[in-house]
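>>> sequence isn't available, so here's the structure alone:
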């Protein structure tokens, strides 16, 4: 395993992040425990979850499973850098009209208390906004996050699905309070989703914000298992939305991976790790096989020739803004 700093902080995290979105919704608690055991054995110390994970009828279930695993043995919680998120509705009757998607000081405080209870812990290393709420001011948000950090209940604040301008707004407001602000941004980024190269990645680099990539295999499309997806599965649904041009891209990608003798998922993950702004891709295993198949990524070194061929198959935006669209 390799490790790096989370953005401009002194915190070291593993360069693979264990995503837990499938725990409880698809993967049983027993298998989820086994996956977390193996991940930690292999040096994956960075675990990511969210309060809404578990499915529309079981929100909070995934956090509960992670909490049950922590409680199984001494040292588990202490060995993990844990991130969770807040934004979505949680079916909490007591919250009344405030149980909607969005952010507020009221919601953040109550959601954090409930996440801590489900996770069976008294602190969170990285507490993240799962999405932008443009209706809420940064005075309100930093006004609730800063005391949470000062109290030691949370070490760092992160974001997810923010645009480059949102990162700038957040950091400008934090600077006025002499507060560290955001240290990480979780963003959709892969060979088939390269738009972040235009604005998000350069902004994150300039601001010292580490980027954690979700959907690095583009919903399974870069996994090499899309020929006969299970009917009704998420992969089958994703395949049904692919354009003819994307099908051709995936065929060319499969041929290139065969040519260099490296599996499609490993090439996709290795490509992501070549970006200096990226802290880690999130791997969200449904099975133990999915986890173990990703562990060899650090043995994969992509030559410049292969990188050039990947650019030909999956053209990016042409570079950072404004050079990508101006002289």
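Everything's here; your move. Remember, it's a predicted structure, so these values are computed and weren't measured experimentally.
>>> low-scoring stretches of the stretch 1-150 of the chain, by residue?
Of all residues in the stretch 1-150 of the chain, none has pLDDT under 70.
>>> let me see the backbone angles for the residue lying closest to residue 222 once chain neighbours are set aside.
In space, and not counting its chain neighbours, residue 222 is closest to residue 268: 4.1 Å by CB to CB, 6 or more residues apart in numbering. For every residue, glycine as well, the C-beta is placed using N, CA and C. Here is the backbone geometry of residue 268 (degrees, to the nearest 10): phi -60, psi -40.
>>> got it, and residue 18?
Note on residue 18: backbone dihedrals following degrees, to the nearest 10 are phi -80, psi 110.
>>> how many neighbours does it have?
27 (other CB atoms under 10 Å).
>>> so what's it bridging to?
Beta-bridge partners recorded for residue 18 (DSSP bridges): residue 47, residue 283.
>>> isn't it right up against residue 32?
No: if you go by CB atoms under 8 Å, residue 18 and residue 32 don't touch, sitting 10.4 Å apart.
>>> any idea how far apart the tips of stretch 68-82 sit?
Start-to-end span of stretch 68-82 (CA to CA, to the nearest Å) is 14 Å.
>>> and for stretch 269-286?
End-to-end distance for stretch 269-286: 17 Å, by CA to CA.
>>> tell me the mean pLDDT over that stretch?
For stretch 269-286, mean pLDDT rounds to 97.
>>> so how far is it off the chain centroid?
Centre-to-centre, stretch 269-286 and its host chain are 9 Å apart (CA atoms, centre = their mean, to the nearest Å).
>>> what of stretch 37-50?
Mean-position distance between stretch 37-50 and its chain equals 13 Å (CA atoms, centre = their mean).
>>> specify the beta-bridge partners of the residue nearest in space to the middle of the chain.
Geometric centre of the chain, nearest residue: residue 214, 4.1 Å, by CA atoms, centre = their mean. The partner list for residue 214 in beta bridges (DSSP bridges) reads residue 188.
>>> wait, what's in contact with it?
Neighbouring residues of residue 214 by CB atoms under 8 Å, 6 or more residues apart in numbering: 19, 160, 186-189, 281-282, 284.
>>> now the residues you listed as JSON lines including distance to residue 55 and neighbour count?
Shown next, in JSON lines, are the contacts of residue 214 (distance: CB to CB, whole Å; neighbours: other CB atoms under 10 Å):
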{"residue": "19", "distance to residue 55": "15", "neighbour count": "25"}
{"residue": "160", "distance to residue 55": "19", "neighbour count": "21"}
{"residue": "186", "distance to residue 55": "20", "neighbour count": "27"}
{"residue": "187", "distance to residue 55": "23", "neighbour count": "24"}
{"residue": "188", "distance to residue 55": "21", "neighbour count": "17"}
{"residue": "189", "distance to residue 55": "25", "neighbour count": "25"}
{"residue": "281", "distance to residue 55": "24", "neighbour count": "28"}
{"residue": "282", "distance to residue 55": "19", "neighbour count": "20"}
{"residue": "284", "distance to residue 55": "14", "neighbour count": "22"}
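>>> closest to residue 240 among those?
Checking the contacts of residue 214 against residue 240 by CB to CB gives residue 188 as the nearest, at 19.2 Å.
>>> doesn't residue 250 fall inside a helix?
Yes: counting by DSSP: H, G, I helix; E, B strand; the rest coil, residue 250 falls inside a helix.
>>> pLDDT score for it?
We note a pLDDT of 97 for residue 250 in this prediction.
>>> swap in residue 327?
At residue 327, pLDDT is 86.
>>> and the closest residue to residue 175 other than its chain neighbours, what does it touch?
Leaving out its chain neighbours, the residue that sits closest to residue 175 by CB to CB, 6+ apart is residue 181, at 7.1 Å. Residues near residue 181 by CB under 8 Å, 6+ apart: 142, 157, 170-171, 173-175.
>>> ok, those vs residue 326, which is closest?
Closest approach to residue 326 among these (CB to CB): residue 171, at 24.7 Å.
>>> can you list the residue ranges for helices in this structure?
Remark: helices assigned in the chain by DSSP state H are 29-41, 61-72, 105-119, 138-150, 164-176, 200-207, 234-240, 244-260, 264-273, 288-294, 304-313.
>>> among these, which is nearest residue 95?
Smallest distance to residue 95 across the helices of the chain (CB to CB): 6.8 Å, for helix 105-119.
>>> follow-up on the earlier one: my guess is the residue nearest to residue 222 contacts residue 219. True?
No: using CB under 8 Å, residue 268 makes no contact with residue 219, being 11.7 Å away.
>>> between those two, which one's more packed in?
The neighbour comparison of residue 268 against residue 219 (other CB under 10 Å) goes to residue 268, with 26 against 18.
>>> which residues touch that one?
190-191, 216-218, 222-223 are the contacts of residue 268 under CB under 8 Å, 6+ apart.
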